[in-house]
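[1] would you be able to build a 3D model of this:
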Amino acid sequence: MSDPTIARQSSDSSAHNTINIPTAKIFFQQSPGVNKGDQGVEGLEYQVTSLVGGKETVIQPPRKTNKEGLATVPIPGESSQLQLLHLSQVVARYDVVIDPAGLDQTVAGPGVEQRLRALGYQMGQHGPSEDGVNAPEKERYEFERSLLDFQADEEVRPDANALDNSTLDRLIDEIDKLNSK
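    Predicted coordinates for the structure are as follows:
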């Protein structure tokens, strides 16, 4: 399943781009840490909610975990809540947040890429984690486009070839805002 996306411009525009909504993969297992094959809990019903305008809103309608016990949780803002359901009633809640403390150094390439991804900028599907972070040099165009989009959104002088202090400061500020909410 691909990440949900939000169009920044109409899809027929020559400047079309999308913003990825960060998605967490949560696995429910019968015996976590025990490698005995099929440990996933299949068929758990769940939904995902998030605060929208100060009100808890279902952002992903009820669905079921797959045979690996996978539940995908979109995180459109600072956090979402995974709710397990039984007979359409919530029986358990799990808060899912983006933890900026676990990010690489801001001035390092992967740290900047991780922060752009956490803010919802499309980084592509390249690299070891297939999230655009640490992508090979020939696949850097998506990072450059994301950096330019961020700079434009934050009204910083756009330059995909240079990470100046104003861009880095804005990036840190935006991540801090996510963390403080």
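[2] got a list of what S79 touches?
    By Cβ atoms under 8 Å, 6 or more residues apart in numbering, S79 lies in contact with 50-51, 95-98, 181. Quick note: C-beta positions are derived from backbone N, CA and C, even for glycine.
[3] from those, list just the buried residues.
    50-51, 96, 98 (16 or more other Cβ atoms under 10 Å).
[4] hmm, which of the residues you listed is lowest in pLDDT?
    Here the lowest pLDDT out of the buried ones among the contacts of S79 sits on I98, with 74.
[5] what sits closest to that one if chain neighbours are left out?
    A118 (5.1 Å; Cβ to Cβ, 6 or more residues apart in numbering).
[6] burial count for P110?
    14 (other Cβ atoms under 10 Å).
[7] that one: which element?
    Assigned by DSSP states H and E, P110 falls within helix 109-118.
[8] tell me which residues in that helix are buried?
    111-118.
[9] avg pLDDT for it?
    Here the average pLDDT along helix 109-118 is 79.
[10] which other helices and strands contact that helix?
    helix 141-153, helix 165-180 (3 or more Cβ pairs under 8 Å, 6 or more residues apart in numbering; DSSP states H and E).
[11] how about the CA coordinates for that helix, as PDB?
    Only the C-alpha atoms of helix 109-118 are listed here, as PDB (Å, rounded to 0.1, in the frame of the first residue of the first chain):
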ATOM      1  CA  GLY A 109      22.500  15.000   4.500                       C
ATOM      2  CA  PRO A 110      20.400  12.200   6.000                       C
ATOM      3  CA  GLY A 111      19.300  14.500   8.900                       C
ATOM      4  CA  VAL A 112      18.000  17.200   6.500                       C
ATOM      5  CA  GLU A 113      16.300  14.500   4.400                       C
ATOM      6  CA  GLN A 114      14.600  12.900   7.500                       C
ATOM      7  CA  ARG A 115      13.300  16.200   8.600                       C
ATOM      8  CA  LEU A 116      11.900  17.100   5.200                       C
ATOM      9  CA  ARG A 117      10.200  13.700   5.100                       C
ATOM     10  CA  ALA A 118       8.800  14.100   8.700                       C
END
